[in-house]
Structure formats: structure tokens, C-alpha cells
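Asks: Quick one, what's the 3D model for this:
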Amino acid sequence: MAEASQASATGLRVARGADGIAVITIDRPQVHNALDWATMDAFAAAVRELGAELAADAGRDDGLRAVVVAGGGTRAFCAGGDQRALAGYESAADGERLADVMTEALAGLEALPVPVIAAINGYALGGGAEIALACDLRVVDAEVRFGLVQLRLGLTPGWGAGQRLLRLVGYGKALELFLAGERLGAAQLVALGLAAEAAPAGQALDAAMAWAARIAAADPDTVRAVKALLRAGVERPPAEAAAIERALFASSWAGEAHLAALRGFAEEPAR
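Replies: Predicted structure coming up:
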């Protein structure tokens, strides 16, 4: 996979492969991939760049098909904010800056028109869990420790995790998870529907890349349409979302992928 937009000093790597898969790696394993200011700014910039690239390559056969978000090494996805690096930033204005950067970044990640998959090895705590919840799918490993631990730090979620978790698991369970502040394992995450798959220890990235490869092999316009109609259901009133779904179906019905499938059926011998 070819690497692009590299800046090692920021602790972030972005790689794009010929297979249509982009991988964003938070690469600060010495602190369990915790985020300092430079890494947060770089993450936000990477998401903006991918959004612009996806807007420009819509319809291209060689365009991006899926995005994977991972942590460097095998011990952690992201342990949230780097508390040592953030020490001394104690004002409400500092908190507002922190919230603004990552809220915008995660909203942009969520809005990417292609599926985004979180590959979660080991720790995903606080802000790390918030990043994972902004992805469309989450693949975890057997040693995952996923924790919405903000309450233990005297904090509320600040990057949108409250609303995302509410949509994913409902009010009662979301409240329970935030108030308990426990670290959840792989079986719990799969049972809650927060993880699509549990891989062996250290192999979440491999499993996430397999998901991305399956997505990349599908018709890209249809994949984008499926994500768009589901996002409409999250973001818009029911009647409006239903209208968008009908319109996308009509468009896909006349699309080349469906017409090719019909030709394939017509060419099959009768049984």
C-alpha cells in the first residue's frame, strides 16, 4: 500500500492502496496512540483531504472505495487524549478548542460517502471510543478494552459519542454505559451490536482490511447509495428519508451494475 500525506511528527499516517482502500493510522504506540494537539489537527486534516478526494473521484473506477481507521502496533487503537501533552490546558476555552477540532473531524469522518471501518486492537478509551463510534463498522480483537470512561475523569463525551451511542443502543443502554464507565470486551461489544466482528488478538486490522476488500469489490455507486440511504434515516425526518431511499432505488435500478446483473441472469440456462 502506497503511503501519502505523511508527517511523522504528528503521529498520523495515511496510506492509499491500488485496491481503493485508504488507511488512517494513529501512530503513537508509546502512549497507546493517545492524541496530542498535533495528532488531532493532523487527523482532522486527513479527513478533510479524504472528503475532498472522494468528492472529486465520484464515479471513477480507480477511486477510493473504503476507509480503515487503525492504531499503530497491536496494543491499542487509541487511548483518548494524551493527558501529559494536554496538561496545563485547563480553561473552558481549551476544552472548546479540543471539542471543536475533533467534533468537526469525526463529523467529517462519518459523512464520508464510503464505508469507514475501525480496526480496534486493545485499548479504545475515552476519545478513542468516540473515534470508533464515528466509524460505520467496528472490528475488534480478542483483547479489546473499549471504554467510555469520561465520567471517571469528570468529563462528558465531547466529540459526539453521546448522540452516536444513543442512536446505536438506545437511551437506557447508552446512559448505563456512560455512567458505569466500564471497559467492554469483545463479546460484550458484539452482543451490543457495537462490533461487527471479533478477531483473534492483534488481528483486528487484518479483519478490517478483509471487510474493506469485500466492500471495494462491490459496485461503488451502489455501496455509496446504501450508505446514503441509511445516513438519511439517521439525519432526516422519516418521510424525507423514505423518499431518498425510493429515489436511490430508482437510480440503481437503471444503473449499469443492475443492468449487468440482469444480463447475467438472462444468459444463464433455464433450470
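Asks: Going along the chain, name the helices of the protein.
Replies: In the chain, the helices defined using DSSP state H lie at 37-56, 83-86, 92-111, 127-133, 161-169, 171-180, 186-191, 204-217, 220-235, 238-253, 256-267.
Asks: out of those helices, nearest to A70?
Replies: Smallest distance to A70 across those (Cβ to Cβ): 5.1 Å, for helix 204-217. Yep, even glycine has a C-beta here, placed from its N, CA and C like the rest.
Asks: Need the CA coordinates for the closest one. PDB is fine.
Replies: Output in PDB follows, covering the C-alpha atoms of helix 204-217 (Å, rounded to 0.1, in the frame of the first residue of the first chain):
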ATOM      1  CA  ALA A 204      -8.300  -6.500  14.100                       C
ATOM      2  CA  LEU A 205      -6.600  -4.700  11.300                       C
ATOM      3  CA  ASP A 206      -6.400  -7.800   9.100                       C
ATOM      4  CA  ALA A 207     -10.100  -8.500   9.700                       C
ATOM      5  CA  ALA A 208     -11.000  -4.900   9.000                       C
ATOM      6  CA  MET A 209      -9.000  -5.000   5.700                       C
ATOM      7  CA  ALA A 210     -10.900  -8.100   4.700                       C
ATOM      8  CA  TRP A 211     -14.100  -6.200   5.200                       C
ATOM      9  CA  ALA A 212     -12.800  -3.300   3.200                       C
ATOM     10  CA  ALA A 213     -11.700  -5.600   0.400                       C
ATOM     11  CA  ARG A 214     -15.200  -7.100   0.200                       C
ATOM     12  CA  ILE A 215     -16.700  -3.600   0.100                       C
ATOM     13  CA  ALA A 216     -14.100  -2.500  -2.500                       C
ATOM     14  CA  ALA A 217     -15.100  -5.400  -4.700                       C
END
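Asks: Next, the angle helix 220-235 makes with that helix.
Replies: 110 degrees (axes from the mean of the first three to the mean of the last three Cα atoms, to 10 degrees).
Asks: Of all the residues in helix 204-217, which ones are buried?
Replies: A204, L205, A207, A208, M209, W211, A212, I215, A216 (16 or more other Cβ atoms under 10 Å).
Asks: residues contacting the fifth one?
Replies: Going back to what we said before, that points to M209. With contact taken as Cβ atoms under 8 Å, 6 or more residues apart in numbering, M209 is in contact with I21, V23, V68, A119.
Asks: who wins for neighbours among these?
Replies: Using other Cβ atoms under 10 Å as the neighbour test, the contacts of M209 are led by A119, with 28 neighbours.
Asks: Check the spacing between that one and L50 real quick.
Replies: With distances taken as Cβ to Cβ, to the nearest Å, A119 is found 16 Å from L50.
Asks: E182 too?
Replies: Distance from E182 to L50, by Cβ to Cβ: 33 Å.
Asks: Low-confidence stretches in the chain?
Replies: Across the chain, the ranges flagged by pLDDT under 70 are 1-8, 58-61, 270-271.
Asks: how does it divide up, domain by domain?
Replies: Following automatic domain parsing, one gets these domains for the chain: 2-217, 220-267.
Asks: just the ones you listed: most buried one?
Replies: domain 2-217 (a mean of 19; mean count of other Cβ atoms under 10 Å).
Asks: Can you name the residues that contact the residue most central in space within the chain?
Replies: With distances taken as Cα atoms, centre = their mean, the residue of the chain nearest its centroid is C135 (2.0 Å). The contact partners of C135, taken as Cβ under 8 Å, 6+ apart, are V69, L109, E110, V116, I117, A118.
Asks: Against A66, how distant is it?
Replies: From C135 over to A66 (counting by Cβ to Cβ), the distance is 11 Å.
Asks: so what sits against both of the two?
Replies: V116, I117.
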